[in-house]
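S.K.: Need a 3D model of the sequence below.
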Amino acid sequence: MVGVSGKPMSNRKAVAAGKIQLQRETIELITNDQIAKGNVFATARIAGIQASKQTAQLIPLCHTLPLGEVKIDIVTSNECAEVKCTAQTVAQTGVKWKPSSA
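M.R.: Residues are numbered from 1 along each chain as shown. Purely as a prediction, here's the structure:
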């Protein structure tokens with residue numbers, strides 16, 4: 001594991017986003033909270049936050065990350081759900097976001 005004890009504390013932020021293709025009828029059922037097993041988006045947000053808290057157990061040699069905030073936004077359209085996760089921390093290592101060169 002890489003040593004980070006000599007690194008200064010810094011603000012760190014990362015954003016990940018994606019689209020989930022769904023049938024229009026499925027989106028309508030989810031947004032109208034008509035899924036028999038409960039609120040799909042609330043469950044997805046909780047699952048995403050819980051997964052982010054387990055990063056060090058899921059990624060080999062990853063440092064434990066003291067997350068200060070994890071936010072999951074879900075926006076629907078007629079064809080998909082767009083999901084964006086933002087994670088922030090103040091630490092010597094942790095979440096990182098590097099914009100792609102366009």
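S.K.: Strand partners (parallel or antiparallel) of whichever helix or strand residue 85 is part of?
M.R.: Using DSSP states H and E, residue 85 falls within strand 80-91. Taking DSSP bridges as the criterion, strand 80-91 forms sheet pairs with strand 10-21 (antiparallel), strand 67-76 (antiparallel).
S.K.: how near is residue 6 to residue 25?
M.R.: According to Cβ to Cβ, to the nearest Å, residue 6 stands 56 Å off from residue 25. All C-beta atoms are positioned from the backbone trio N, CA, C, and that covers glycine.
S.K.: got a list of what the most centrally placed residue in the chain touches?
M.R.: The residue lying closest to the centre of the chain (Cα atoms, centre = their mean) is residue 85, at 3.4 Å. By Cβ atoms under 8 Å, 6 or more residues apart in numbering, residue 85 lies in contact with 15-17, 48, 52, 70-73.
S.K.: repeat that with 7 Å
M.R.: By Cβ atoms under 7 Å, 6 or more residues apart in numbering, the residues touching residue 85 are 16, 48, 70, 72.
S.K.: still on that earlier bit, and residue 38, which of the strands paired with strand 80-91 is closest to it?
M.R.: Within the strands paired with strand 80-91, the stretch nearest residue 38 is strand 67-76; the backing value is 15.0 Å (Cβ to Cβ).
S.K.: quick one on the thing from earlier: looking at the contacts of residue 85, which is nearest residue 78?
M.R.: Within these, the smallest distance to residue 78 is 21.4 Å, found for residue 72 (Cβ to Cβ).
S.K.: can you point me to the longest helix in this structure?
M.R.: Ranked by number of residues, the top helix in the chain under DSSP state H is helix 40-53.
S.K.: How about residues contacting that helix?
M.R.: By Cβ under 7 Å, 6+ apart, the residues outside helix 40-53 that reach it are 30, 67, 70, 72, 74, 85, 87.
S.K.: just how off-centre is whichever helix or strand comes after it within its chain?
M.R.: Next helix or strand after helix 40-53 toward the C-terminus (DSSP H and E): helix 55-58. From the chain centre to the centre of helix 55-58 is a distance of 14 Å (Cα atoms, centre = their mean, to the nearest Å).
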